[in-house]
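Trainee: structure for this input, please:
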Amino acid sequence: MESEDLGYVKIHRKILEWGWYKDINTFRLFIHMLLKANWKEGNFKGTTVPRGSFVSSYPHLAEECSLTINELRTALKHLKSTGEVTVSTNNKYSMFTVNNYYKYQDDNSQADSQSTDSAHSINSLLTTIKEKKEGKNIYNNIITKDDNIICPEPEKSAPNPSGIQLVLNDKTFYDVPIDKIALWRETYPAVNIEQELQKMRAWLDSNPTRRKTRRGIERFINNWLSRTQDSAKPQTTKQNGGDTEYAAEKYDRSFAL
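Mentor: Just a heads-up that it's a prediction; the model follows:
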């Protein structure tokens with residue numbers, strides 16, 4: 001996996017207004033997760049680790065942050081409650097994801113142009129992470145394949161984006177709007193929306209021939225969430241890759257676009 005030591009973090013003073021700023025453990029953990037997250041897609045023992053995610057374990061992460069396990073769990077609970085991070089766990093390791101990591105890579109973010117509905121939202125921080133590219137300029141949505149450079153036409157930015165980006169069939173990205181996430185939480189109360197969106201992101205990344213169009217992506221999301229809600233299975237922290245793949249196959253057959 002790519003070393004997380006490359007690059008640096010640039011934090012805006014607006015972080016002083018963040019709801020978790022005075023919670024030392026939560027603040028320390030979040031900054032640590034920003035530094036640990038992959039700045040580009042990686043691989044861990046055959047598993048794709050998306051950009052903005054990293055693989056670790058609770059004991060290892062607690063040791064790195066000088067926290068007890070209980071302190072770590074409490075801090076993670078805080079960050080998950082305000083949508084900053086998600087955690088997927090199986091019997092071998094945990095994958096930690098900074099949900100709005102893509103926004104932190106945007107060098108054009110302007111603190112004064114952003115609005116926020118909640119003092120607890122990390123979206124008000126406007127943190128920018130810049131990565132050293134060892135002399136190479138890497139631009140978003142530029143894909144190299146067989147020595148040909150494919151540059152998709154720039155799409156319009158989603159209003160109030162969450163930073164959770166789903167790859168489309170034209171290799172551009174759908175940045176899930178925050179207000180859509182709020183709507184889906186009300187519509188599908190039994191579903192962990194952010195966690196399911198991360199599953200969709202991984203599944204679309206692994207199945208390039210079955211990605212959706214910009215017009216069809218919300219239909220794909222709603223069908224996925226609806227069937228997850230209808231399954232009425234108790235949510236657990238453990239994720240089974242086989243079950244996720246089976247569910248995705250089932251969802252996709254009914255609304256392939």
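Trainee: how deep is residue 95 tucked in, by neighbour count?
Mentor: For residue 95, the neighbour count with other C-beta atoms under 10 Å is 21. Placement of C-beta: from N, CA and C, glycine included.
Trainee: for the helix or strand that contains it, buried residues please.
Mentor: Using DSSP states H and E, residue 95 sits in strand 94-98. Residues of strand 94-98 classed as buried by neighbour count (16 or more other C-beta atoms under 10 Å): 94, 95, 96, 97, 98.
Trainee: now stretch 220-228
Mentor: The neighbour-count check on stretch 220-228 (16+ other C-beta under 10 Å) flags 220, 221, 224, 225, 228 as buried.
Trainee: still on that earlier bit, want to try JSON lines for the buried residues of strand 94-98, with pLDDT and distance to residue 161 as columns?
Mentor: Below are those laid out as JSON lines (pLDDT from 0 to 100; distance: C-beta to C-beta, whole Å):
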{"residue": "94", "pLDDT": "92", "distance to residue 161": "26"}
{"residue": "95", "pLDDT": "94", "distance to residue 161": "22"}
{"residue": "96", "pLDDT": "95", "distance to residue 161": "21"}
{"residue": "97", "pLDDT": "94", "distance to residue 161": "16"}
{"residue": "98", "pLDDT": "91", "distance to residue 161": "14"}
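Trainee: name the nearest of those residues relative to residue 178.
Mentor: residue 98 (15.2 Å; C-beta to C-beta).
Trainee: show me what contacts the closest one?
Mentor: Each residue near residue 98 by C-beta atoms under 8 Å, 6 or more residues apart in numbering is listed here: 33, 34, 37, 52, 53, 84, 85, 104.
Trainee: now do the last one, the pLDDT please.
Mentor: Okay, so that is residue 104. pLDDT recorded at residue 104 is 64.
Trainee: okay but residue 64 is in contact with residue 32, surely?
Mentor: Yes: Residue 64 lies in contact with residue 32 (C-beta atoms under 8 Å); the separation is 6.5 Å.
Trainee: of those two, which one has the most company?
Mentor: A count of neighbours by other C-beta under 10 Å puts residue 32 above the other of residue 64 and residue 32, at 17 against 14.
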